[in-house]
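[1] kindly return the folded structure for what I paste below:
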Amino acid sequence: MNYCPCCVLLYPSQSTFCQQCGMPLALSGQSPVSGNAPVSISSSASLSRLIALSVAVACLVLQVFLRAEILMQVLSVTILAGCGVVVSHSRAMVRMLERSGLWIERRMNRAGKGGRFSRLIVKQSYGLCHLVTLATRRIGDPFVRNGLRLSLWIVAGIIGISVAVAAVVAIVYVVIIIAVLLFMLWLMWKILEQYLGQSGGGYRPSGRTRPTQDWLGRPKEEVSQGGKNVGEIRPSQDWLGRPKEDVYHEGKKIGEMRPSEDWLGNPRKEIFEDGEKVGEIRPATDVLGNPKEEVYRDGKKVGEQVPGEDWLGHPKRDLYGSGHPGTKKEPDKSD
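    This next block holds a predicted model:
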């Protein structure tokens, strides 16, 4: 006689495939391909059903009356599932579980060809379930074998899901921590930039300049305040050919700037109005090393000029404080 290790049915010796599930039949007296043994309905089957029923009753008592902790409740539910297979003696359930073992093996092999997450998490979960299948394949009674498999599969699935959830939660926490750190660094940078760096040393914004050209293509700088152009700075030369910059306010020339050096040889620009020196512009850097220019009038610092770019990437200089060439003459107002 031949038998089906999946459906647990006996067939004549000339039969080769099971009429229920289509699996190859195993010869009686030989180990089947899947490692399952033929079913012999004897007193051992009744004993296994009696033991499974007793365990199921104990699990129900644990669930209903003793109100055990959540871990013991989950464990008792998994045991109840396995006992249900043994007590019911359902051949359909046995066939489904035997096919599930083959499906788990296929999914494990497919997960090994996926991405890194699939290899690390998914394949290990299926591998744990497949290990359960291999460990229980020598149990002769198919109902006991598949009942035990079902219980252990549930436990393995819970472990795999827990590991996956823990990995996802850990990744989310790491991403949140990195995002918070980046936000804090950005906020600290903005604070330093606002109060120590490119903020004009605490002076109130008073305008900006932009490089441009006149209608003849000659370079110049437009000085704006409140969104309105109020002045210009045009490069020029004196009668000796030395470079200078003419300063205009509302179309009228009001002064000029001449390049010079202090007694240490540091470069600067001297501001002249009505032929008299009234101030100077000195290059400097803020505490972050960003370049800027400090404006002095009558030996007193009254403002700063900070180079930068607008949102389109065009160069500009932000003006802070007062005393800038080409702007209105206003008293300095610092915060």
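[2] now Gly207, nearest residue through space, not along the chain?
    In this structure, Gly207 finds its nearest non-sequential neighbour in Gln225, 4.0 Å apart by Cβ to Cβ, 6 or more residues apart in numbering. In this view, the C-beta of every residue, glycine as well, is placed from N, C-alpha and C.
[3] contacting residues for that neighbour?
    Ser206, Gly207, Thr327, Lys328 (Cβ atoms under 8 Å, 6 or more residues apart in numbering).
[4] quick one, which of the residues you listed are buried?
    Listed as buried from the contacts of Gln225 are Ser206, Gly207, Thr327; burial here means 16 or more other Cβ atoms under 10 Å.
[5] pretty sure the second one contacts Val223?
    So the one you mean is Gly207. Yes. Gly207 lies in contact with Val223 (Cβ atoms under 8 Å); the separation is 6.3 Å.
[6] overlap in contacts, the two.
    With Cβ under 8 Å, 6+ apart as the test, Gly207 and Val223 both reach Val230, Leu319, His324, Thr327.
[7] got phi/psi on the last one?
    Read that as Thr327. Here is the backbone geometry of Thr327 (degrees, to the nearest 10): phi -100, psi 170.
[8] check the gap between it and Glu232 for me.
    Computed with Cβ to Cβ, to the nearest Å, the distance linking Thr327 and Glu232 is 11 Å.
[9] same question, Pro219
    From Pro219 over to Glu232 (counting by Cβ to Cβ), the distance is 11 Å.
[10] more crowded one of these two?
    The neighbour count for Pro219 versus Glu232, taken as other Cβ atoms under 10 Å, is higher for Glu232 (22 against 11).
[11] what distance do you get for that one to His324?
    Going from Glu232 to His324 by Cβ to Cβ gives 13 Å.
[12] the stretch 101-250 of the chain: strands as residue ranges?
    205-213, 219-225, 228-237, 243-249 (DSSP state E, counting those that start in this stretch).
[13] buried stuff in stretch 159-171?
    Buried-residue list, stretch 159-171, by 16+ other Cβ under 10 Å: Gly160, Ala164.
[14] what's the pLDDT at Ser28?
    Ser28 is assigned 55 on the pLDDT scale.
[15] thinking again about what came up before, mutual contacts of Glu232 and His324, please.
    What both Glu232 and His324 touch, as defined by Cβ under 8 Å, 6+ apart, is the set Val223.
[16] I'd guessed Arg204 sits against Gly321; true?
    Yes. Arg204 is within contact range of Gly321, at 7.0 Å (criterion: Cβ under 8 Å).
[17] so those two - more neighbours on which side?
    Gly321 (25 against 14).
[18] which residues are in contact with the closest residue to the more buried one other than its chain neighbours?
    Spatial nearest neighbour of Gly321, chain neighbours left out: Gly303 (2.6 Å); criterion: Cβ to Cβ, 6+ apart. Contact analysis of Gly303 by Cβ under 8 Å, 6+ apart lists Gly200, Tyr203, Ser206, Glu294, Val295, Leu319, Tyr320, Gly321, Ser322, Gly323, His324, Asp332.
[19] list the neighbouring strands of the host helix or strand of Gly303 plus their orientation.
    If you go by DSSP states H and E, Gly303 is part of strand 300-309. With DSSP bridges as the test, strand 300-309 is paired with strand 291-297 (antiparallel), strand 315-321 (antiparallel).
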